[in-house]
Every structure is written in structure tokens, then in C-alpha cells.
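[1] What shape does this take:
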Amino acid sequence: MLKTYSYRLYPEASQIQCLSRTFGSVRFVYNKLLEMRIKAYRRRRESLSCFECNKRIKSILKKAYPWLGEVNSQALQMASRNLDTAYKNFFQRKEAGFPRFRKRSGRQSFQCPQNCKVDFQKQELYVPKVGWVPCVFHRRFKGEIKTVTIVKEPSGKYFAKVLVETTAVPYPVEKPILRETTVGIDLGIKTLAVCSNGM
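    Sure thing, here's the model as predicted:
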């Protein structure tokens, strides 16, 4: 069972710079890949897959823009996956709308699918390439962390949305059926209901 927990982050000044760099890089890669996909379809009627976009991040974008190597590469790949999901949503549900270019203003976010850790004792969350960020864990969780989404709201507050896979709670053991506590009901045409206890 998957469950999301939201926690408030309090990054230090150097970490805020690193987070801002990651937000910008993820937004830049998303917009560049969207531009590439639009051009590929207009020119050659070619639809680029998520796999091909990931290859272009490494072979084209990182070579043309070396500063992309300063941020977590998996966050950049998640931008490609999110763009692919936006395309699929558009073709399956037209009301979802065509994918739009992301703006600098408004809510900013990036995802880390691996290597994030929590320290409930120290109240810190480890984000790759950022380090241990002070975090308020108002409730603990048990299970495996699947992804961590770092969010900066327009208000300037930072949050971590932690997606956790937990083991399903087993169903309670059913109580045995006893004659003293059980009633059978017969639904009929002439009489609406006749119970086994005579009512």
C-alpha cells in the first residue's frame, strides 16, 4: 500500500541555493524536452519516447549545458518521465490538456526516486546533492521510501512529500458463527421478512 507523508523543511542558506539550482535545472530540462518533442512531431511526425528523451538529456543537454551536471541526474530523468506522463494523460483524457511549458513563478518541485534517507532522531531528511536538510517529522512512518518530492510553495515554504510503500494491514480474524448470536432472514413476497427467531 502506498501512502504519502508531507513534512516541512527548513533548509540552510547553502541548501536553498542548491535547491533553487535543482528546481531551475529540472524546469529547464522539462521545457527543453517538450520543445524537442514538439519539433520532432512537426518536422518528422516522430513521437519521442521517455527512453529517447533520457538519452538526449545525457547526449545533448548535458554537453550543451554543463551546469546540469551539478544537480541530481535522477531528478532530471524524473522530469522526462513527468513529461511523458503529461503526454499520455493528454492522449487518454483530452480534458487534461496539452503539456505546457513550466514557469519560474509559482509552485516549484522536483522528485528524487532513490537515495533519500530519514533520520527521525535528528529530524533530518537526506536529499542527494543537497545533504541532510532539517525537517519536522510530526509523525513517523514505517516502510520503504519510493520517491521524495521536494516542493517550494509560492509563499517560500519548503516541503517534502515522502511516498512510502507500507505493508498492508491484515484483515481481522473472523469470529466463529454461533447459533446463539446468529439470525437467518427469509425475504418473501407475502411477508417482507421472516427471521429464524420467529419475528
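
[2] rest of the way, CA atoms for contacts and neighbours
    Noted.

[3] in this protein, which spans are helices?
    13-44, 50-56, 62-64, 73-92 (DSSP state H).

[4] List the contacts of the nearest residue to residue 21 once chain neighbours are set aside.
    Distances taken as C-alpha to C-alpha, 6 or more residues apart in numbering place residue 71 nearest to residue 21, at 7.3 Å, with adjacent residues excluded. Residues counted as contacts of residue 71 (C-alpha atoms under 8 Å, 6 or more residues apart in numbering) are 18, 21, 22, 25, 129.

[5] Farthest-apart pair in these, please.
    Using C-alpha to C-alpha, the two most remote members of the contacts of residue 71 are 25 and 129, lying 13.1 Å apart.

[6] So those two - more neighbours on which side?
    residue 25 (23 against 14; other C-alpha atoms under 10 Å).

[7] wouldn't that one be in contact with residue 69 here?
    No. Applying C-alpha atoms under 8 Å as the test, residue 25 and residue 69 come out as separate, 9.5 Å apart.

[8] Show me the shaky parts of this structure.
    94, 168-173 (pLDDT under 70).

[9] Show me how the record splits it into domains.
    Split into domains by the TED database, the chain comes to 2-11+109-165, 13-92.

[10] what's the closest of those domains to residue 101?
    domain 13-92 (5.4 Å).

[11] ok, back up a step: put together CSV for the domains of the chain, with distance to residue 194 on each row.
    CSV is the format used below for those (distance: least, C-alpha to C-alpha, whole Å):
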stretch, distance to residue 194
domain 2-11+109-165, 45
domain 13-92, 51
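
[12] among those domains, which is nearest residue 174?
    domain 2-11+109-165 (25.8 Å).
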